[in-house]
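1. Below are the sequence and a predicted model; questions follow.
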Amino acid sequence: GAVVSQHPSWVICKSGTSVKIECRSLDFQATTMFWYRQFPKQSLMLMATSNEGSKATYEQGVEKDKFLINHASLTLSTLTVTSAHPEDSSFYICSASTPRSSYEQYFGPGTRLTVT
Amino acid sequence: ILNVEQSPQSLHVQEGDSTNFTCSFPSSNFYALHWYRWETAKSPEALFVMTLNGDEKKKGRISATLNTKEGYSYLYIKGSQPEDSATYLCAALDSNYQLIWGAGTKLIIKP
């Protein structure tokens, strides 16, 4: 149980275009989903926390208008990178959690974004 | 806002040796402490979630302890094996359900 999927697993896009990444909890309802970014040879950087039906809470330094997060249902959250630039190229990973497990996080497999 | 610190940053251990590393966090407003194992090219995987002072959890050769009064948790690996090589992340959840991650301890097991 507790499987989280991400789609796509990798994507290449041109500078200036927008890219949407989906995060789904497949066998449980996730009250909270988290979006992370990993820079090369660094640990996870939390970008934002999203609760179903409410606006995401962004970490300091993360642009809300650039990284649009929608958590419309208990099983789906999306991250849209708007007007992507090469510096947005990174590994984006989501996780989902519920209060029942003290918010233990179940991670998706990640999405590798390359902006050319 | 919690600050979570992990030490050491990286660790080289001979195969067969036992090792441990630390996660420290402010003890006020504490709710839960998570340990994750993150292997290269894979997603982080939860190892333990601990909430009570004095909690001890074990999974095979890996175990963890929690001291919420002084704000630290230890992760122990007994008889290290090459497959234990990974980055071990801890994260502290406060009473506002804000999750703060440590930077991780990168463990490399030398055969």
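-> Now that the structure is in, tell me what you want to look at. Numbers count the residues shown, from 1 in each chain, chains lettered A, B, ... in the order given.

2. Stretch A:36-51 - what's its average pLDDT?
-> Stretch A:36-51 carries an average pLDDT of 84.

3. when you scan it, is anything in it near chain B?
-> Yes. Stretch A:36-51 comes into contact with chain B (CB under 8 Å from any CB of the partner chain), by way of A:Ser43, A:Leu44, A:Leu46, A:Thr49. Heads up, the C-betas are built off the backbone N, CA and C, glycines and all.

4. Looking at these, state which has the most neighbours.
-> Counting neighbours by other CB atoms under 10 Å in any protein chain shown, A:Leu44 comes out on top of these with 24 neighbours.

5. surely that one meets B:Ala91?
-> No. Using CB atoms under 8 Å, A:Leu44 is not in contact with B:Ala91, being 9.1 Å away.

6. which residues do the two both contact?
-> B:Trp101 (CB atoms under 8 Å, 6 or more residues apart in numbering or on different chains).

7. what does chain B put close to chain A?
-> Checking chain B against chain A by CB under 8 Å from any CB, the hits are B:31-32, B:34, B:36, B:43-46, B:49, B:51, B:87, B:89, B:91, B:93, B:97-99, B:101-104.

8. give me that answer again for 10 Å
-> For chain B, the residues in contact with chain A (CB under 10 Å from any CB of the partner chain) are B:1, B:6, B:31-34, B:36, B:38, B:41-51, B:87, B:89, B:91, B:93, B:97-104, B:106.

9. Can you tell me how far the residue lying closest to A:Thr17 once chain neighbours are set aside is from A:Phe107?
-> Nearest residue to A:Thr17 in three dimensions, chain neighbours excluded: A:Ala84, at 6.0 Å (CB to CB, 6 or more residues apart in numbering or on different chains). According to CB to CB, to the nearest Å, A:Ala84 and A:Phe107 sit 23 Å apart.

10. Appreciated, that's everything.
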